[in-house]
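S.K.: Return atomic coordinates for the entry below.
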Amino acid sequence: MRKHSRVMIVVTLFLVLSSGSILADDSKNRDEMVRQTLTGYFEAFNRHDAASAVKYWSADAEYKAPGGHKIKGPEKLRKRLDSFFREQPEAKISLLNSPRILMVSDSRAVARGAVRLELPGKKQNDLEYTAIFTREKDRWLISRMDDEHLASFESYSKLSELSWLIGEWVDSKNDETVETKFEWEPNKSFIKGRFRISINGDSEFEGYHFIGWDPVSKSLKSWVFDSEGAMGQGTWSKDVDGWSVTMSSILADGKRASAINIFRPDGPDRLIWRSTGREVSGTPLPNTEEIVVVRKSDHKPKKDKK
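M.R.: Next up is the predicted model:
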């Protein structure tokens, strides 16, 4: 049963800390300036004013459309916008959420958000944008923007609460290692994970994990399938300390199992994981020990004390 109890999901928190009130105020001002640039660009787009819109872009501007097509340089971008506005005279952008802004340095920032491109007579397009900004004197300008289609904004907005899962994670103890990798599925309609448990470097057990938004129950659900034929479904709940997942599974031998898995963040790149309320065919099992899971880049194998 040990390997079943060590299947894990990991949470990471992104914290941006400022030191002192002056730095905090400066960061707030820079954040607001980035938002003003985004607002100005979207307003110019909705006026169908291509010349004004490109003024919010830097000289090395690059736009990547869904599908990968790129437009480089303000002049080429202006021509493409002019052409688009002629083809779609009623096109309009509306914000679906407030952008999340990360100040990378004194002269660089990243903003992520979602918009809806409305084209009368056509299916609406929900897009996630990632914009990179550079500071030029007293202005913040867009140097790059990537757009990606969203299958459903409701699904995306709920799933984005679990975006900290994206990446590679590891938990090692003695000769046993659990590795998990999470990534977005196309259109960001699901998060897909793959886990592997190995002993002395040899793979012993592996499986897949899918997480998505259930529009009927209005909750985040997960589905797990392993290499021995077991399968499970879980419902996610957020609390003050982190997340819990109420799992119900059918094991490879047909027995039913259940558990509540609890995740407590411990800094930006670590998670304390444990499983409680475990049962197999109605027979209670002991709670698991607390397990520390870390981002793979920070991983250092640990050994039991003797």
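
S.K.: what about the closest residue to residue 295 other than its chain neighbours, how many residues close to it?
M.R.: Residue nearest to residue 295 in three dimensions, not counting chain neighbours: residue 269, with 4.4 Å by CB to CB, 6 or more residues apart in numbering. Using the backbone N, CA and C atoms, a C-beta is placed for each residue, glycine as well. Neighbourhood size, residue 269 [other CB atoms under 10 Å]: 18.

S.K.: Below-threshold pLDDT in the stretch 151-300 of the chain: ranges please.
M.R.: Residues of the stretch 151-300 of the chain meeting the criterion pLDDT under 70: 298-300.

S.K.: where do the helices sit along it?
M.R.: 153-159 (DSSP state H, counting those that start in this stretch).

S.K.: Ok, the stretch 1-150 of the chain next?
M.R.: Using DSSP H, counting those that start in this stretch, helices in the stretch 1-150 of the chain cover 2-5, 21-46, 50-53, 74-87.

S.K.: elements contacting the last one?
M.R.: Right, the one you point to is helix 74-87. When contacts are defined as 3 or more CB pairs under 8 Å, 6 or more residues apart in numbering; DSSP states H and E, helix 74-87 packs onto helix 50-53, strand 57-64.

S.K.: quick revisit: now do the residue nearest to residue 295 against residue 296, distance only.
M.R.: Separation of residue 269 from residue 296 (CB to CB, to the nearest Å): 10 Å.

S.K.: quick one, what contacts the closest residue to residue 98 other than its chain neighbours?
M.R.: The spatially closest residue to residue 98, leaving aside those adjacent along the chain, is residue 113, at 6.9 Å (CB to CB, 6+ apart). Residue 113 makes contacts with 38, 95-100, 128-129, as judged by CB atoms under 8 Å, 6 or more residues apart in numbering.

S.K.: Now, of these, which are buried?
M.R.: Neighbour counting with 16 or more other CB atoms under 10 Å marks 38, 96, 99, 128-129 as buried within these.

S.K.: of those, closest to residue 274?
M.R.: Using CB to CB, residue 128 is the member of the buried ones among the contacts of residue 113 that sits closest to residue 274, with 33.4 Å.

S.K.: count of neighbours near the residue nearest to residue 81 when sequence neighbours are not counted?
M.R.: The spatially closest residue to residue 81, leaving aside those adjacent along the chain, is residue 50, at 3.8 Å (CB to CB, 6+ apart). Burial of residue 50 is recorded as 18 neighbouring residues (other CB under 10 Å).

S.K.: you'd agree residue 50 is up against residue 76?
M.R.: No. Applying CB atoms under 8 Å as the test, residue 50 and residue 76 come out as separate, 11.3 Å apart.

S.K.: what residues go with each domain of the protein?
M.R.: 21-149, 158-298 (automatic domain parsing).

S.K.: Contacts only, for the closest residue to residue 277 other than its chain neighbours.
M.R.: Spatial nearest neighbour of residue 277, chain neighbours left out: residue 260 (4.6 Å); criterion: CB to CB, 6+ apart. Neighbouring residues of residue 260 by CB under 8 Å, 6+ apart: 244-247, 275-277.

S.K.: How much space separates residue 260 from residue 233?
M.R.: From residue 260 to residue 233 the distance is 13 Å (CB to CB).

S.K.: Please apply the same query to residue 136.
M.R.: 51 Å.

S.K.: Report the backbone C-alpha coordinates of stretch 153-161 in CSV.
M.R.: The C-alpha trace of stretch 153-161 is given here as CSV (Å, rounded to 0.1, in the frame of the first residue of the first chain):
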residue,chain,number,x,y,z
PHE,A,153,-13.2,31.2,-19.6
GLU,A,154,-15.1,29.8,-16.6
SER,A,155,-13.1,26.6,-16.8
TYR,A,156,-9.8,28.6,-17.3
SER,A,157,-10.5,31.0,-14.4
LYS,A,158,-11.2,28.2,-12.0
LEU,A,159,-8.3,26.1,-13.1
SER,A,160,-5.9,29.0,-12.9
GLU,A,161,-6.2,28.7,-9.2
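
S.K.: So for it, what gets flagged as buried?
M.R.: Buried residues in stretch 153-161 (16+ other CB under 10 Å): 153, 155-160.

S.K.: for stretch 130-139, same thing?
M.R.: So for stretch 130-139, counting by 16+ other CB under 10 Å, buried means 131-135.

S.K.: Could you do stretch 291-299 as well?
M.R.: Buried residues in stretch 291-299, counted by 16+ other CB under 10 Å: 291, 293-295, 299.

S.K.: What residues are bridge-paired with residue 172?
M.R.: residue 177 (DSSP bridges).
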